[in-house]
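Asker: turn this into a model:
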Amino acid sequence: MNKAIYTHAWDFLDEGVDTILEQIREIGCREVIVAMAYHAGRFLLPHNPKHRIYYPEDGVVYFKADKVRYAGQRLKPVTASMLSGRNLMGEIIEKSEKRGMSVTAWFVCLHNSRLGFQHPDIVMRNAFGDPYYHYLCPMNPDASGYVLNLLDDFALHYAGNGILLESLSYSGFEHGYHHEFYSMTINAELSALLGLCFCETCRRAAKKRGIDVERLAKAVRKRIDTCVGSNSNKRIVKPFGTVESIGNLRGIKDYLRMRCERVERLLGEAAGLTRMRKMRLDFFGPVFAPVNMSVLEGIDLAGLDKNIDRYVLRIEEKEPAMVEKEIRYAKRYFKPDKIVLSLRLFDLATPSQRNLKAKVELAKRHGLAGCNFYNYGMVSLSRLNWLTDI
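Answerer: Alright, predicted model coming up:
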């Protein structure tokens with residue numbers, strides 16, 4: 001079973017490419033996943049020799065983008081200033097190959113506040129028309145064209161083994177921006193409703209399909225107001241019943257299907273690019289919703305298989321029994337040897353080495369392709385060493 005670990009450019013710049021690759025080999029991983037397009041954040045780095053807290057630049061890329069390619073394009077990538085012209089990814093690929101390790105380029109595709117604030121007309125908007133500056137709408141041709149152009153740029157110039165796509169879909173509501181403040185618990189139904197995009201591009205697409213999008217948006221606004229009303233905390237919708245709870249809104253099923261078809265087309269275009277370059281394509285999603293509610297992020301699991309080489313299943317659950325339920329659900333749509341577990345090494349998700357071993361054993365027992373571990377720079381070295389014995 002394959003073991004891989006997520007990394008960031010600042011890990012390699014601060015600790016050294018050779019040092020990190022040797023440490024990754026020593027803990028038994030033969031694949032390194034390197035973020036090539038990433039969003040803003042504040043990171044606690046337990047073993048970084050230069051930082052304990054790090055703020056990355058927002059919405060930049062970590063490879064040498066070809067400036068000529070984007071001439072005349074509305075959306076242009078910005079290469080991280082920390083690279084200072086250095087071809088870091090080229091070094092990582094070359095040195096990994098010498099060690100018999102594979103390299104996967106990890107792209108967070110549409111979660112990009114930098115571009116969202118620069119181009120507010122391409123971001124997702126809720127039923128009230130409020131913009132979600134952190135997330136570009138996949139229905140928007142400028143947004144999707146930018147992502148596909150970026151992927152092709154990388155695949156043309158770098159001989160990596162594969163590309164991992166995250167956020168090539170619609171976003172949920174939570175985990176959107178910094179300093180989020182809510183005066184109430186955001187239950188599953190409210191989150192789903194607030195996560196529906198009604199930007200102008202989505203509205204036009206819906207009208208072409210004969211969906212009464214104005215009526216639907218009005219119904220969604222009314223349901224949101226019901227949820228946030230004075231008695232909203234008494235309305236309990238269990239997460240697994242969320243799709244059913246909003247399913248009685250007239251036109252919602254067609255609207256959700258429209259979103260899924262859009263994401264499937266985008267993924268198909270991405271697959272065409274990677275196949276042409278003979279690179280493996282991995283897909284990570286849903287990012288926020290449980291796997292059995294992937295439709296809320298515009299992901300129809302049944303439509304993914306033909307376009308991807310590996311399906312990366314996000315695991316947030318602490319209890320192995322819940323993890324097994326997620327695995328069994330994913331196996332309805334993918335062969336086991338196409339599924340990779342994405343496991344967080346954080347305290348809340350993985351409280352002990354015993355807990356981690358139990359989850360990895362589940363992956364082995366179900367015949368899965370492997371496990372990806374999150375994240376090299378964000379957990380202690382002692383916790384990273386847990387991987388040695390699993």
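Asker: could I get the contacting residues of residue 284?
Answerer: 164-166, 312, 314, 342 (Cβ atoms under 8 Å, 6 or more residues apart in numbering). The C-beta positions use only the backbone N, C-alpha and C, and glycine is treated the same way.
Asker: inside strands: which ones of those residues?
Answerer: The strands, defined by DSSP state E, take in 164-166, 312, 314, 342 from these.
Asker: out of these, which end up buried?
Answerer: Neighbour counting over the ones in strands among the contacts of residue 284 (16 or more other Cβ atoms under 10 Å) leaves 164-166, 312, 314, 342 as the buried ones.
Asker: can you add distance to residue 268 and pLDDT and give these back as TSV?
Answerer: Listed next are these as TSV, based on distance: Cβ to Cβ, whole Å; pLDDT from 0 to 100:
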residue	distance to residue 268	pLDDT
164	17	99
165	12	98
166	17	98
312	18	98
314	22	97
342	23	98
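Asker: tell me the SS of residue 193?
Answerer: The three-state label given to residue 193 by DSSP: H, G, I helix; E, B strand; the rest coil is helix.
Asker: neighbours around it, how many?
Answerer: 27 (other Cβ atoms under 10 Å).
Asker: any chance of the ones in strands among the contacts of residue 284 in JSON lines, plus distance to residue 248?
Answerer: Shown next, in JSON lines, are those (distance: Cβ to Cβ, whole Å):
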{"residue": "164", "distance to residue 248": "37"}
{"residue": "165", "distance to residue 248": "33"}
{"residue": "166", "distance to residue 248": "32"}
{"residue": "312", "distance to residue 248": "33"}
{"residue": "314", "distance to residue 248": "28"}
{"residue": "342", "distance to residue 248": "33"}
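Asker: show me what contacts the residue nearest to residue 227 when sequence neighbours are not counted?
Answerer: Among residues not flanking residue 227 along the chain, residue 190 sits closest, at 4.2 Å (Cβ to Cβ, 6 or more residues apart in numbering). The contact partners of residue 190, taken as Cβ under 8 Å, 6+ apart, are 173, 224, 227-228, 232.
Asker: all strands for the stretch 251-390 of the chain, in order.
Answerer: Here the stretch 251-390 of the chain has its strands, by DSSP state E, counting those that start in this stretch, at 280-284, 310-315, 339-344, 370-374.
Asker: got CSV for these, with distance to residue 257 too?
Answerer: Formatted as CSV, the strands of the stretch 251-390 of the chain follow (distance: least, Cβ to Cβ, whole Å):
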stretch, distance to residue 257
strand 280-284, 19
strand 310-315, 21
strand 339-344, 25
strand 370-374, 30
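Asker: who are the packing partners of the helix or strand bottoming out on mean pLDDT in the chain?
Answerer: Counting by mean pLDDT, DSSP states H and E, the chain has its least confident helix or strand at helix 242-246, which shows a mean of 88. Counting contacts by 3 or more Cβ pairs under 8 Å, 6 or more residues apart in numbering; DSSP states H and E, helix 242-246 is packed against helix 188-194.
Asker: torsion angles phi and psi at residue 76?
Answerer: Main-chain torsions, residue 76, degrees, to the nearest 10: phi -130, psi 140.
Asker: before I go, just wanted to say thanks for your time.
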